[in-house]
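In: requesting a structural model of the entry that follows:
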Amino acid sequence: MSSNSGNSWKLINDSKISNLNINDFTNSNNIIFAGSHKGILKSNNLGENWSLINNELINLEISCLTKSESYLFAGVYNGGIYRSSNDGQNWIPINNGLSNLYINSIVTFNNYVFAAVGGGNIFRSSNNGESWELMNHGQNLFSVYSLKTTQNLIFAATYNGIYKSTNNGENWYSSNYGLQENLMVRCFAISNNIIVAGTINGIYLSTNFGESWIKKNEGFWNDNILIKSLLINHNYIFAGTYNNSVWKRPLSDIVNIQSISSEIPENYSLYQNYPNPFNPETKIKFNIPQNNFVNLSVYDLLGKKVKILVNENLSPGTYEFSFDGLNLPSGVYFYKLNAGNFSQTKKMTLIK
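Out: Numbering: from 1, shown residues only. Coordinates of the predicted model:
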């Protein structure tokens, strides 16, 4: 448990939870629920103490949890879906219509409940799980590991990339521009228009609701790190990895650059920053016509590099970087774009 955004952690010593594999959390009205390989636990005091609330779910491995306004839903590995109307004291199975009882993810959205089940299928219920209907209608989404919602969109993380629906699951579309081909995606974290995807090859970011993605692995010891869970909280991104602990990074570190168009430009180009002069923020736009490693850096009048803005592989498209000169003195600066054999430099003026 951490009370300072992950800077330090305290071991929870309650014997009821200390030796369990925890697969998922959800919370409601200051109550935290934890799904484990031996059922469900509940804490009323921010995780200091836990109580088992299994009853009908004793010794079942809980894969996922979610809470609607009136119900708590639990997905069970090879055991279907259960529902509770009294904060987990009692549970009933709600599997009518499901083709597979291996449950990977459950979300509630627009008065519906969605469930990702084994075999790459997504089901929807309009009556809190009393009955289920298949929503991918023969479209093979391969293994669906996680579902996440934002605005009027539903995102599915699958063995074969990302899919999204704009109409409550009626239709699903591939949403993989910028991702490695056939990339396994395991999880999401969403905050407003910021969508972070955890994959078998690290983290990808979208700031345009999944229209395009940018890889964001700076700081990881291995570029092929497997991300199993993600959380955005207090302006940080937390990443739970496979056998590599928990990592965190300020959200501001990765959202300064935005893909503003996925249309492939004909040529490399670097635009004049705007506004210019500026104080203290300005935007720098550039075009990338092909996959390439891109470096965008800022230099002072003496040619000293004072800031690296971009230093990563980017997919073709048009990008915009929000540069903050708050910690720099007034003066003339140069920003330089290097991508493959292309190099261009422009001048900007900071006036405080």
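In: isn't P250 up against N235?
Out: Yes - with contact defined as CB atoms under 8 Å, P250 reaches N235; the gap is 6.4 Å. The way it works is simple: take the backbone N, C-alpha and C, and place the C-beta from them, glycine included.
In: buried stuff in the helix or strand of the chain at the bottom of the mean pLDDT ranking?
Out: In the chain, no helix or strand scores lower on mean pLDDT, DSSP states H and E than helix 252-255, which sits at a mean of 78. Within helix 252-255, the residues scored as buried using 16 or more other CB atoms under 10 Å are I254, V255.
In: alpha carbons of the helix or strand just after that helix, as CSV, please.
Out: The C-terminal neighbour of helix 252-255 among helices and strands, as given by DSSP states H and E, is strand 257-261. Backbone C-alpha positions of strand 257-261 (Å, rounded to 0.1, in the frame of the first residue of the first chain) are rendered in CSV as follows:
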residue,chain,number,x,y,z
ILE,A,257,3.6,15.0,-27.9
GLN,A,258,0.4,14.4,-29.7
SER,A,259,-0.4,12.8,-33.0
ILE,A,260,-2.7,15.3,-34.7
SER,A,261,-3.2,13.5,-38.0
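In: give me the contacts around strand 257-261.
Out: 178, 206-208, 211-214, 285, 309-310, 315, 317-322 (CB atoms under 8 Å, 6 or more residues apart in numbering).
In: show me where the stretch 201-350 of the chain has strands.
Out: Under the criterion DSSP state E, counting those that start in this stretch, strands of the stretch 201-350 of the chain are mapped to 202-206, 214-215, 227-233, 236-241, 246-250, 257-261, 269-270, 281-288, 292-299, 305-314, 317-324, 331-339, 342-350.
In: give the pairing partners of the first one; include direction for each.
Out: Each strand that pairs with strand 202-206, with its direction, by DSSP bridges: strand 194-199 (antiparallel), strand 214-215 (antiparallel).
In: okay, these, which one's buried deepest?
Out: strand 194-199 (a mean of 25; mean count of other CB atoms under 10 Å).
In: what's that one in contact with?
Out: Outside strand 194-199, the residues that reach it (CB under 8 Å, 6+ apart) are 148, 150, 155, 157, 162, 179, 183-190, 203-207, 209-210, 213, 216, 226-230, 232, 237, 239, 251, 255.
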